[in-house]
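*Asks:* Need a 3D model of the following:
(chains A, B, C and D)
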Number of protein chains: 2
Amino acid sequence: METSNILETHNLSKTPCRVDIIDTLLATEVALTEQQLKENLKFDYDRATIFRTLKTFSEKGIIHCVPVEGNEVYYAISKPNYKQTLSHAHFHCSTCGGVYCLNSISIAEPQLPDGFAAQGYELTINGCCRKCKE
Amino acid sequence: METSNILETHNLSKTPCRVDIIDTLLATEVALTEQQLKENLKFDYDRATIFRTLKTFSEKGIIHCVPVEGNEVYYAISKPNYKQTLSHAHFHCSTCGGVYCLNSISIAEPQLPDGFAAQGYELTINGCCRKCKE
DNA sequence: TATATATTTGCAACGTTGTTGCATTTGTGT
DNA sequence: ACACAAATGCAACAACGTTGCAAATATATA
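*Replies:* This next block holds a predicted model:
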């Protein structure tokens, strides 16, 4: 799906910042921190604008964020049914810091202690990614 | 293990702030945000002191932090062999926000794409906890 | 195509958090 | 009781999260 469709689907007007952010996230294989995102945008926008855009996109389910050890947050485009999917897995490379969405991974549901009911699973796998492996 | 032992084991001097923080984290069943931690300490300490103490404890493996959706970070006492354990699971209650360490859970290792090598697994299970279930 | 209106943006401001240097205070071994 | 290494509090600064408001802009409508 390309950028215009994504915005239309979610009833969002087509503004430069929104298009730029979605284009950038679509173009990158890995998830990006807000810093990395800014560096990759074609133009500069106000912090508040980017903040609000990311917030809107998160609420709409267009993107999702991945919190990683060290209190860093990465942003990635969501697959269309992301929000409906119970389990999400991400790979975090300890070497380059890259965060990959693992869309096709299924997470085995572990046995929980009595009284706990699971609604969703978020798995972060730390390790060494394809590019850093040599 | 009680507080004094923990500090001695890690070659850390026994200061009020350190003792207070470990006591507090040992006393609570759930992990705490920095805010919640501060509210539960017996005395007040400078922000920088708490920051440095948490950092020291994290490095030593005395505590670990759990990043949760919404960019919140929770701190919890680690079991003695925490750092050596490859897989960690935490339960995050969507209702009360409580974060529980699930020490006895084993995580099934999913199949990764070619070229990716896993070194550790962090699983966060979202749902409804024992206390909030009625 | 011009216009009206609802949105979005940039700017400014403020609170919080992460982080560090430095002088003072404190813990601990002698 | 003392000396020295270590920890603390204070101050300061950068980065981030967040909001109000006025100016600019996207889009539906005439």
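*Asks:* In terms of pLDDT, where does residue A:134 sit?
*Replies:* Looking at residue A:134, its pLDDT reads 66.
*Asks:* So for stretch A:87-106, what gets flagged as buried?
*Replies:* Using 16 or more other CB atoms under 10 Å in any protein chain shown as the test for burial, stretch A:87-106 gives A:87-93, A:97-102, A:105. C-beta here means a position set from N, CA and C on the backbone, and glycine is covered the same way.
*Asks:* Give me the buried stretch members for the lengthiest strand in chain A, please.
*Replies:* Longest strand in chain A by number of residues (criterion: DSSP state E): strand A:117-128. Neighbour-count burial for strand A:117-128 flags A:120-128 (criterion: 16+ other CB under 10 Å).
*Asks:* Show me the two of the buried residues of stretch A:87-106 that sit farthest apart.
*Replies:* Within the buried residues of stretch A:87-106, two members stand farthest from each other by CB to CB: A:87 and A:97, at 23.6 Å.
*Asks:* is chain B contacted by the helix of greatest length in chain A?
*Replies:* Looking across chain A with DSSP state H, the single longest helix is helix A:47-60. No. Helix A:47-60 stays clear of chain B (CB under 8 Å from any CB of the partner chain), getting no nearer than 9.9 Å.
*Asks:* and the buried residues of stretch A:87-106, which of them are in helices?
*Replies:* Using DSSP H, none of the buried residues of stretch A:87-106 sit in helices.
*Asks:* check the buried residues of strand A:117-128 against chain B, which are close?
*Replies:* A:120-128.
*Asks:* of all these, which comes closest to residue B:31?
*Replies:* Among those, and counting by CB to CB, the member closest to residue B:31 is residue A:122, at 15.5 Å.
*Asks:* Show me the beta-bridge partners of the closest residue to the closest one other than its chain neighbours.
*Replies:* Using CB to CB, 6 or more residues apart in numbering or on different chains and skipping residues adjacent in sequence, the residue nearest residue A:122 is residue B:124, 4.4 Å away. With DSSP bridges applied, residue B:124 shows beta-bridge pairing to residue A:122, residue B:90.
*Asks:* Could you point out which residue ranges in chain A have low pLDDT?
*Replies:* Residues of chain A that meet the criterion pLDDT under 70 lie in A:134.
*Asks:* mind checking how far the residue of it most remote from its centre is from residue B:129?
*Replies:* The centre of chain A is farthest from one residue, residue A:114, which by CA atoms, centre = their mean lies 32.3 Å away. Using CB to CB, to the nearest Å, residue A:114 is found at 11 Å from residue B:129.
*Asks:* Residue A:62 now?
*Replies:* Plainly put, residue A:62 is 30 Å away from residue B:129 if you go by CB to CB.
*Asks:* didn't residue A:21 look like it was pressed against residue A:54?
*Replies:* Yes. The criterion here is CB atoms under 8 Å, and residue A:21 meets it with residue A:54 at 7.4 Å.
*Asks:* what comes into contact with stretch A:3-18?
*Replies:* A:1, A:19, A:22-23, A:26, A:43, A:45, A:49-50, A:53, A:56-57, A:60, A:62 (CB atoms under 8 Å, 6 or more residues apart in numbering or on different chains).
*Asks:* hmm, which of the residues you listed are the buried ones?
*Replies:* Here, 16+ other CB under 10 Å leaves A:22, A:45, A:50, A:53, A:57, A:60, A:62 buried among these.
*Asks:* could you list every residue that touches the last one?
*Replies:* What that stands for is residue A:62. So residue A:62 contacts A:6, A:10, A:22, A:77-78 (CB under 8 Å, 6+ apart).
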